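Novice: coords please:
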Amino acid sequence: MDLETREKDDLAGPARIPSGGLKHGVLSPIETLAQSVAGIAPSATPGMLIPIAFGFAGNGTWLSYLLATIGMLFTAQCINEFASRSACPGSLYTFVSTGFGRRAGDLTGWALMFAYVVCGAACIAEFAIYSISLAKFFFKLELSSHVAMLFSAALIGYVGYKNVKLSATLMLWLELISMGLIMIVVVITLVRHGFTLDMAQLTLKGVNFENVRMGLVMAIFGFAAFESAASLGTEAADPHKSIPRAIMRSVIVSGLFFVLCSYSMVMSFQNLNVGLDQCSTPLLTMTALLGWPMLGHLIDVGIMMSFFAAGLANLNAGARAIYKMSQNGLLHNKFGDAHAQNGTPHLAVLASSALSLGIAITLASLNNPLMDIVAWLGTLATFAFIYSYMATSLSAGKMLAEAKLFSPAKKLIVLASMLVLAIALLGSLYPVPPKPYNLLPFVFGAYMVLGLFWCLRSNGSLAAKASTAESLAILAPQD
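Specialist: As a prediction, the model looks like this:
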């Protein structure tokens with residue numbers, strides 16, 4: 001055996017060991033898709049984000065969502081340059097290591113862990129908002145926000161701890177039911193209007209470029225965590241095919257859903273005294289206009305469960321990021337263990353759910369309104385997602401260039417991905433938002449500086465071997 005072959009074998013060995021504790025190939029393509037769709041939580045967007053996007057884009061709201069969908073498809077393609085070649089729980093963490101080396105990958109893993117944990121905390125708070133409202137409506141009960149948060153976090157943690165297949169199946173059905181109820185309202189609204197074209201929207205009446213740009217920022221926020229299926233590299237069946245398809249299809253399905261919902265919602269509110277951006281319960285208002293108010297409350301139940309599914313999706317992805325980082329020496333090695341029977345990263349699941357719950361309950365205990373908590377955490381998580389997506393897009397370009405595969409079409413894809421992400425980032429920073437939103441970029445920046453120091457002092461010997469071995473596997477020619 002020559003020296004080069006021996007070195008490759010030495011590197012390849014440790015890289016194969018870490019993922020051995022997780023179940024292999026147990027998730028079908030549709031269950032893998034459920035992870036990314038649940039991460040997006042498309043059912044939540046009509047009730048929360050579309051009204052905000054309308055406040056910026058007006059009659060151009062549908063266009064903002066269409067452009068966001070196209071932009072996220074470019075980012076998805078950059079991620080899939082790696083996902084079609086590599087399958088491991090590290091997802092973007094591993095992908096960036098391939099292009100820019102271990103330290104850049106470590107920082108991306110640090111950002112990704114933040115994104116999933118903080119987004120999970122936002123989902124816990126959102127679940128509490130809807131559960132408190134529904135408990136009062138259906139049962140005349142005054143439910144404590146702390147109790148609602150504890151219940152959702154405990155149930156999410158249990159399902160994530162117990163079985164990844166159960167998690168995927170549960171997320172799939174919760175999202176299908178919730179999206180189905182909303183689509184009933186969309187279709188009936190279009191039928192009531194005789195399927196006539198809304199020319200005010202289609203001609204972008206009263207809309208300029210700046211309106212669409214600001215609406216685009218909010219629209220892109222709605223796609224955060226679409227890449228989370230990449231964390232199932234070990235557990236998905238035929239991962240080199242099922243994961244890239246799940247990532248692309250989650251963007252397409254959610255994007256079309258957003259465009260249809262925004263178009264029908266703007267149409268419904270055109271002749272009402274209250275504007276869409278001023279209505280706190282737009283779907284309830286729409287169902288009341290249709291004469292089916294109870295359907296609106298059922299949709300709220302569906303949205304509540306969608307937040308549960310989103311929390312579970314973020315927990316699954318976040319736990320696997322912690323799992324992989326622990327095995328590479330960045331976090332305590334106990335978080336890199338898998339449960340002997342369940343085949344889940346059980347300690348990483350418990351850590352992720354405890355962190356998310358701790359963040360949500362701490363902010364609620366300081367008497368902050370739940371809606372403000374959701375907005376703050378969602379903004380912070382989005383900074384981390386954008387950072388990770390940008391790093392992965394650039395890494396894809398570098399990897400393709402080194403492999404002599406960087407065609408003009410792929411260069412355009414990387415450039416378009418970076419452009420859309422830059423628009424979203426700049427739109428969240430300028431014009432300078434009011435307090436405390438103007439401080440949130442500094443909070444995320446401080447976290448990343450802390451992460452840089454942590455990564456520099458961590459034990460990186462195992463990480464170096466694992467990252468190099470994974471890079472060799474990714475750069476190898478594919479069948």
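
Novice: so who does Leu380 touch?
Specialist: Applying C-beta atoms under 8 Å, 6 or more residues apart in numbering to Leu380 gives the contacts 114, 118, 440, 443-444. Just so you know, the C-beta spots here come from the backbone N, C-alpha and C atoms, and that holds for glycine as well.

Novice: right, I mislabeled it, should have said Gln201
Specialist: Contacts of Gln201 by C-beta under 8 Å, 6+ apart are 59-62, 263, 266-267.

Novice: got a winner among these for most neighbours?
Specialist: Compared across the contacts of Gln201, Thr61 has the highest neighbour count, 32 neighbours, by other C-beta atoms under 10 Å.

Novice: ok, now how distant is that one from Cys88?
Specialist: 38 Å (C-beta to C-beta, to the nearest Å).

Novice: Ok, Met183 next?
Specialist: 36 Å.

Novice: between these two, which one's more packed in?
Specialist: Neighbour comparison, Met183 and Cys88: the larger count goes to Cys88, with 26 against 15 (by other C-beta under 10 Å).

Novice: Going by residue numbers, what spans are strands in the stretch 151-300 of the chain?
Specialist: Along the stretch 151-300 of the chain, counting by DSSP state E, counting those that start in this stretch, no stretch forms strands.

Novice: can you give me the helices for it?
Specialist: For the stretch 151-300 of the chain, the helices defined by DSSP state H, counting those that start in this stretch occupy 164-192, 199-202, 209-221, 239-268, 282-289, 293-327.

Novice: Quick one: these as JSON lines, columns for distance to Ala396 too.
Specialist: Output for the helices of the stretch 151-300 of the chain, formatted as JSON lines (distance: least, C-beta to C-beta, whole Å):
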{"stretch": "helix 164-192", "distance to Ala396": "26"}
{"stretch": "helix 199-202", "distance to Ala396": "35"}
{"stretch": "helix 209-221", "distance to Ala396": "19"}
{"stretch": "helix 239-268", "distance to Ala396": "13"}
{"stretch": "helix 282-289", "distance to Ala396": "38"}
{"stretch": "helix 293-327", "distance to Ala396": "19"}
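
Novice: can you pull the contacts of the nearest residue to Gly318 once chain neighbours are set aside?
Specialist: Counting by C-beta to C-beta, 6 or more residues apart in numbering, Gly318 lies nearest to Tyr116, which is 3.0 Å off, once chain neighbours are set aside. Going by C-beta under 8 Å, 6+ apart, Tyr116 touches 225, 228, 314-315, 317-318, 321, 352, 381.

Novice: Between the residues you listed, which sits nearest Met218?
Specialist: Ala381 (14.3 Å; C-beta to C-beta).

Novice: which residues sit in contact with the closest one?
Specialist: Applying C-beta under 8 Å, 6+ apart, we find Ala381 in contact with 114-116, 118-119, 122, 224.

Novice: again, only this time at 7 Å
Specialist: Applying C-beta atoms under 7 Å, 6 or more residues apart in numbering to Ala381 gives the contacts 115, 118-119, 122, 224.

Novice: Over to it: give its phi and psi.
Specialist: Main-chain dihedrals, Ala381, degrees, to the nearest 10: phi -60, psi -40.

Novice: swap in Asp238?
Specialist: Dihedral pair for Asp238: phi 50, psi 60, per degrees, to the nearest 10.

Novice: Return the angle between stretch directions for the helix of greatest length in the chain and helix 293-327.
Specialist: When the chain is parsed with DSSP state H, its longest helix is helix 102-139. Helix 102-139 runs at 150 degrees relative to helix 293-327, counting by axes from the mean of the first three to the mean of the last three C-alpha atoms, to 10 degrees.

Novice: would you list the contacts of Leu380 in CSV and tack on neighbour count, distance to Leu456 and pLDDT?
Specialist: What follows is these, written out as CSV (neighbours: other C-beta atoms under 10 Å; distance: C-beta to C-beta, whole Å; pLDDT from 0 to 100):
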residue, neighbour count, distance to Leu456, pLDDT
Phe114, 24, 17, 97
Val118, 28, 23, 97
Leu440, 20, 25, 96
Val443, 14, 21, 97
Phe444, 21, 19, 97
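
Novice: Out of those residues, which two sit at the greatest distance?
Specialist: Greatest spatial distance among the contacts of Leu380 (C-beta to C-beta): Phe114 and Leu440, at 12.4 Å.

Novice: if I pick the residue nearest to the spatial centre of the chain, what's in contact with it?
Specialist: The centroid of the chain falls nearest to Ala225 when counting by C-alpha atoms, centre = their mean (1.3 Å). Counting by C-beta under 7 Å, 6+ apart, Ala225 makes contact with 39-40, 119, 313-314, 317, 385.

Novice: what's the answer for Ala313, then?
Specialist: Counting by C-beta under 7 Å, 6+ apart, the residues that Ala313 touches are 35, 38-39, 171, 225, 228.

Novice: Find me the pLDDT at it, would you?
Specialist: On pLDDT, Ala313 comes in at 96.

Novice: Equivalent analysis for Cys455, please.
Specialist: pLDDT at Cys455 comes out at 89.

Novice: Quick check: which ranges of the stretch 1-150 of the chain have low pLDDT?
Specialist: 1-20 (pLDDT under 70).

Novice: What segments of it are helices?
Specialist: Secondary structure of the stretch 1-150 of the chain (DSSP H, counting those that start in this stretch): helices at 3-16, 29-40, 44-57, 61-83, 92-100, 102-139, 145-162.

Novice: Can you lay out those helices as a markdown table showing distance to Gly194?
Specialist: Compiled in a markdown table, the helices of the stretch 1-150 of the chain are given as follows (distance: least, C-beta to C-beta, whole Å):
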| stretch | distance to Gly194 |
| --- | --- |
| helix 3-16 | 60 |
| helix 29-40 | 32 |
| helix 44-57 | 22 |
| helix 61-83 | 19 |
| helix 92-100 | 46 |
| helix 102-139 | 33 |
| helix 145-162 | 42 |
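
Novice: So for Leu347, which of the ones you listed sits nearest?
Specialist: It's helix 145-162; of the helices of the stretch 1-150 of the chain, that one is closest to Leu347 (C-beta to C-beta) at 9.3 Å.

Novice: picking up where we left off before, tell me which of the contacts of Tyr116 is nearest to Trp110?
Specialist: Nearest member of the contacts of Tyr116 to Trp110, counting by C-beta to C-beta, is Ala321, at 9.3 Å.

Novice: burial count for that closest one?
Specialist: Residues near Ala321, counting by other C-beta under 10 Å: 32.

Novice: What is the burial count for Arg298?
Specialist: Let me fix one detail, which is that residue 298 is Leu and not Arg. If you count neighbours by other C-beta under 10 Å, Leu298 ends up with 16.

Novice: OK, contacts around it?
Specialist: With contacts defined as C-beta under 7 Å, 6+ apart, Leu298 is in contact with Leu181.

Novice: cutoff 10 Å now
Specialist: Contacts here follow C-beta atoms under 10 Å, 6 or more residues apart in numbering; on that basis Leu298 touches 134, 177-178, 181, 184, 287, 292.

Novice: Lys411 now?
Specialist: Lys411 sits in contact with 397, 400-401, where contact means C-beta under 10 Å, 6+ apart.

Novice: before we move on, what about Val259?
Specialist: Counting by C-beta under 10 Å, 6+ apart, the residues that Val259 touches are 61-66, 68-69, 219.
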